[in-house]
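S.K.: Here is my input, please return the structure:
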Amino acid sequence: MYAVIYITAKDAEEARSIARKLVEERLAACANIIEKVTSFYWWRGRIEEDEEALIILKTLRKKVPAVVERVKQLHSYQVPEVIALEVVEGSPEYLRWLEEETRG
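M.R.: Next comes the predicted model:
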């Protein structure tokens, strides 16, 4: 019923822009940004190392497809990372708030 989504961005500015838009559009109730993470990944046959920003988004499970599509529109990467994890349990008050704020 609920999901946490990880999205990496090229920098904190892009992360803020994406996060704000997703919250404004009620696709998420909350977004946290970790401004500096080091990422190692395969790209075009070689291992890359980059500094990125990480968005941690809280939303409803049913909104995940819309979040994925919106991130593709807003993101500068050719293949943006958008990974959703199902929330198994949480504070009932927080989960109620999450539902209320994503109704819009």
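S.K.: gap between the residue of the chain most remote from its centre and residue 80?
M.R.: Taking C-alpha atoms, centre = their mean, the residue of the chain most remote from its mean C-alpha position is residue 45, at 26.1 Å. Note on residue 45: its distance to residue 80, by C-beta to C-beta, to the nearest Å, is 20 Å. Glycine gets a C-beta too; all of them are placed from N, C-alpha and C.
S.K.: do residue 25 as well
M.R.: For residue 25 relative to residue 80 (C-beta to C-beta), the value is 17 Å.
S.K.: Now residue 28: which helix or strand?
M.R.: Using DSSP states H and E, residue 28 sits in no helix or strand.
S.K.: Quick check: phi and psi on it?
M.R.: Note on residue 28: backbone dihedrals following degrees, to the nearest 10 are phi -150, psi 150.
S.K.: what's the answer for residue 25, then?
M.R.: phi -80, psi 10.
S.K.: Please give the number of neighbouring residues around it.
M.R.: By the criterion of other C-beta atoms under 10 Å, residue 25 has 14 neighbours.
S.K.: Same check on residue 64?
M.R.: Around residue 64 there are 18 residues (other C-beta under 10 Å).
S.K.: which residues touch the nearest residue to it once chain neighbours are set aside?
M.R.: What sits nearest to residue 64 in space, not counting adjacent residues and going by C-beta to C-beta, 6 or more residues apart in numbering, is residue 84, at 4.6 Å. By C-beta atoms under 8 Å, 6 or more residues apart in numbering, the contact set of residue 84 is 3, 4, 5, 61, 64, 67, 68.
S.K.: Could you measure from the fourth one over to residue 93?
M.R.: Shown here: residue 61 relative to residue 93, a distance of 19 Å by C-beta to C-beta.
S.K.: what does the third one give?
M.R.: According to C-beta to C-beta, residue 5 and residue 93 sit 21 Å apart.
S.K.: go on, the second one?
M.R.: Distance of residue 4 to residue 93, computed by C-beta to C-beta: 17 Å.
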